[in-house]
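K.L.:
need a 3D model of the sequence below.
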Amino acid sequence: MSNVTVILKAIDCGRASTEALLPLVYDELRRLAAAQMKDESPGHTLQATALVHEVFLRLTSGSECTWENRRHFFGAAAEAMRRILVEQARRKARAKHGGDMKRVELAEIAVSQDAPGAEEIRALDSALAEFERAEPEKCELVKLRYFAGLRESEAAQALGISRATASRWWAYSKAWLFERVRGELDRGN
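P.N.:
Model (predicted):
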């Protein structure tokens, strides 16, 4: 009998908690998650680690499930991963979550491959001024990242925010500015 099966039986009998299970199954769940996600499109927002954590929470919280053995547990984990990925895909396809929008990488935001022209600079300046009025903290992050060249962790530290917050703000700021600059340029043409 494997260590996983022993822990599953102990959890079932109330002699162990689910916390004892995670270190034994984490690496294998991570491999399973990576295999499940290998066919996902690039830029998928759900990472393998987050998928593992979500699966583990679903499998170990809520209803009382009795896991017969290691195989039963990992079979349920694979099914949970599949369901989470399907839920994520359905959620992202909905219009209110940007289903009708095309993901654009920062490198694609550049209007031209050459140095920006006067029109692009004016559009960016106008968008930044508007963004600074609407979102001053996020605009500060943009200035630190884009103009000062700081990495995400450095900018987060400078602003006194977490790296996760800086990451969310950066993603939001890029999208916001891209839309405004594109709108300015479209109106100008």
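K.L.:
going forward, measure contacts and count neighbours with C-alpha atoms only.
P.N.:
Will do.
K.L.:
got the buried residues for stretch 67-75?
P.N.:
Residues of stretch 67-75 classed as buried by neighbour count (16 or more other C-alpha atoms under 10 Å): 67, 69, 70, 73, 74.
K.L.:
output that stretch as PDB - backbone C-alpha positions only.
P.N.:
C-alpha atoms of stretch 67-75 as PDB (Å, rounded to 0.1, in the frame of the first residue of the first chain):
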ATOM      1  CA  TRP A  67     -11.000   7.900  -1.200                       C
ATOM      2  CA  GLU A  68     -10.500   4.200  -1.700                       C
ATOM      3  CA  ASN A  69      -6.900   4.400  -2.800                       C
ATOM      4  CA  ARG A  70      -4.300   6.400  -4.600                       C
ATOM      5  CA  ARG A  71      -5.800   5.600  -8.000                       C
ATOM      6  CA  HIS A  72      -9.300   6.700  -6.900                       C
ATOM      7  CA  PHE A  73      -7.900  10.000  -5.600                       C
ATOM      8  CA  PHE A  74      -5.900  10.800  -8.700                       C
ATOM      9  CA  GLY A  75      -8.700   9.800 -11.000                       C
END
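K.L.:
can you spell out which helices and strands pack onto the helix or strand containing residue 88?
P.N.:
Residue 88 is part of helix 70-93 when elements are defined by DSSP states H and E. Helices and strands touching helix 70-93, by 3 or more C-alpha pairs under 8 Å, 6 or more residues apart in numbering; DSSP states H and E, are helix 3-13, helix 22-37, helix 48-60.
K.L.:
save those helices as a markdown table, and put in mean pLDDT, distance to residue 140 and mean neighbour count too.
P.N.:
Converted to a markdown table, these look like this (pLDDT from 0 to 100; distance: least, C-alpha to C-alpha, whole Å; neighbours: other C-alpha atoms under 10 Å):
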| stretch | mean pLDDT | distance to residue 140 | mean neighbour count |
| --- | --- | --- | --- |
| helix 3-13 | 70 | 49 | 17 |
| helix 22-37 | 76 | 35 | 16 |
| helix 48-60 | 81 | 29 | 17 |
